[in-house]
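> turn this into a model:
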Amino acid sequence: MSREGYYEKGEITCTDKGNGTQVCKEHGGQYHEPEFSEQDENSYARASNFVDCMTDQGYNMYRVKHQ
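Numbers count the residues shown, from 1 in each chain. As a prediction, the model looks like this:
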(Lines give C-alpha, C1' and ligand atoms only; values in the text may rest on other atoms or scores of the structure.)
Protein backbone atom coordinates (compact mmCIF):
# COMPACT_ATOMS: atom_id res chain seq x y z
CA MET A 1 0.00 0.00 0.00
CA SER A 2 1.48 3.34 -0.96
CA ARG A 3 -1.21 5.45 0.72
CA GLU A 4 -3.86 4.41 3.23
CA GLY A 5 -7.49 5.32 2.72
CA TYR A 6 -8.81 8.39 4.48
CA TYR A 7 -12.01 10.36 4.99
CA GLU A 8 -12.10 14.02 4.00
CA LYS A 9 -14.60 15.90 6.14
CA GLY A 10 -17.33 17.85 4.47
CA GLU A 11 -19.21 20.98 5.48
CA ILE A 12 -20.95 20.97 8.87
CA THR A 13 -24.22 22.84 9.34
CA CYS A 14 -25.90 23.28 12.70
CA THR A 15 -29.53 24.07 13.49
CA ASP A 16 -30.56 25.66 16.79
CA LYS A 17 -33.41 23.73 18.43
CA GLY A 18 -34.42 26.72 20.57
CA ASN A 19 -33.89 25.09 23.98
CA GLY A 20 -30.13 25.72 24.04
CA THR A 21 -29.23 22.67 22.00
CA GLN A 22 -28.07 22.32 18.43
CA VAL A 23 -28.27 19.53 15.90
CA CYS A 24 -25.29 19.41 13.54
CA LYS A 25 -24.98 17.41 10.32
CA GLU A 26 -22.09 16.89 7.97
CA HIS A 27 -22.65 17.21 4.21
CA GLY A 28 -20.37 16.34 1.32
CA GLY A 29 -17.68 14.32 3.05
CA GLN A 30 -15.67 12.06 0.80
CA TYR A 31 -13.84 8.78 1.35
CA HIS A 32 -10.59 8.32 -0.58
CA GLU A 33 -9.66 4.71 -1.35
CA PRO A 34 -6.19 3.43 -0.42
CA GLU A 35 -3.62 3.42 -3.20
CA PHE A 36 -1.58 0.34 -4.00
CA SER A 37 1.67 0.03 -5.91
CA GLU A 38 3.14 -2.86 -7.87
CA GLN A 39 6.60 -2.20 -6.43
CA ASP A 40 7.75 -2.23 -2.81
CA GLU A 41 7.96 1.44 -1.86
CA ASN A 42 9.14 0.64 1.66
CA SER A 43 12.14 -1.57 0.85
CA TYR A 44 14.78 1.08 1.61
CA ALA A 45 13.30 1.91 5.04
CA ARG A 46 12.94 -1.78 5.92
CA ALA A 47 16.54 -2.55 4.88
CA SER A 48 17.81 0.47 6.81
CA ASN A 49 15.94 -0.65 9.95
CA PHE A 50 17.42 -4.15 9.58
CA VAL A 51 20.99 -2.81 9.32
CA ASP A 52 20.46 -0.46 12.28
CA CYS A 53 19.06 -3.29 14.40
CA MET A 54 21.92 -5.65 13.56
CA THR A 55 24.68 -3.07 14.12
CA ASP A 56 23.07 -2.03 17.43
CA GLN A 57 23.54 -5.64 18.53
CA GLY A 58 27.24 -5.67 17.59
CA TYR A 59 27.17 -7.19 14.10
CA ASN A 60 29.14 -5.70 11.23
CA MET A 61 27.81 -5.53 7.69
CA TYR A 62 30.21 -6.48 4.90
CA ARG A 63 29.68 -6.57 1.16
CA VAL A 64 30.69 -9.97 -0.20
CA LYS A 65 32.12 -10.21 -3.68
CA HIS A 66 30.89 -13.30 -5.52
CA GLN A 67 33.30 -15.09 -7.85
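> show me where the protein has strands.
With strands called from DSSP state E, the chain shows them at 6-8, 11-16, 22-27, 30-32.
> Throw the ones you listed into JSON lines and include mean neighbour count, distance to His66 and mean pLDDT, thanks.
Where you see a C-beta, it was placed from the backbone N, CA and C, and this is true even at glycine. As requested, the strands of the chain are arranged in JSON lines below (neighbours: other C-beta atoms under 10 Å; distance: least, C-beta to C-beta, whole Å; pLDDT from 0 to 100):
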{"stretch": "strand 6-8", "mean neighbour count": "9", "distance to His66": "45", "mean pLDDT": "93"}
{"stretch": "strand 11-16", "mean neighbour count": "10", "distance to His66": "62", "mean pLDDT": "93"}
{"stretch": "strand 22-27", "mean neighbour count": "9", "distance to His66": "60", "mean pLDDT": "92"}
{"stretch": "strand 30-32", "mean neighbour count": "9", "distance to His66": "45", "mean pLDDT": "94"}
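> Tyr59: which of these is closest?
The closest of these to Tyr59 is strand 6-8. By C-beta to C-beta, the value is 38.9 Å.
> ok so, going back, turn the strands of the chain into JSON lines, columns for distance to Gly58.
Compiled in JSON lines, those are given as follows (distance: least, C-beta to C-beta, whole Å):
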{"stretch": "strand 6-8", "distance to Gly58": "41"}
{"stretch": "strand 11-16", "distance to Gly58": "56"}
{"stretch": "strand 22-27", "distance to Gly58": "54"}
{"stretch": "strand 30-32", "distance to Gly58": "45"}
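> closest one to Cys53 among these?
The nearest among those, by C-beta to C-beta, is strand 6-8 at 30.4 Å.
> please identify the pairing partners of that closest one and their relative orientation?
Using DSSP bridges, strand 6-8 pairs in its sheet with strand 30-32 (antiparallel).
> give me the contact list for the strand it pairs with.
Outside of strand 30-32, the residues that reach it under the criterion C-beta atoms under 8 Å, 6 or more residues apart in numbering are Gly5, Tyr6, Tyr7, Glu8, Gly10.
> out of the strands of the chain, which comes closest to Thr55?
Nearest to Thr55, of all the strands of the chain, is strand 6-8, at 35.6 Å by C-beta to C-beta.
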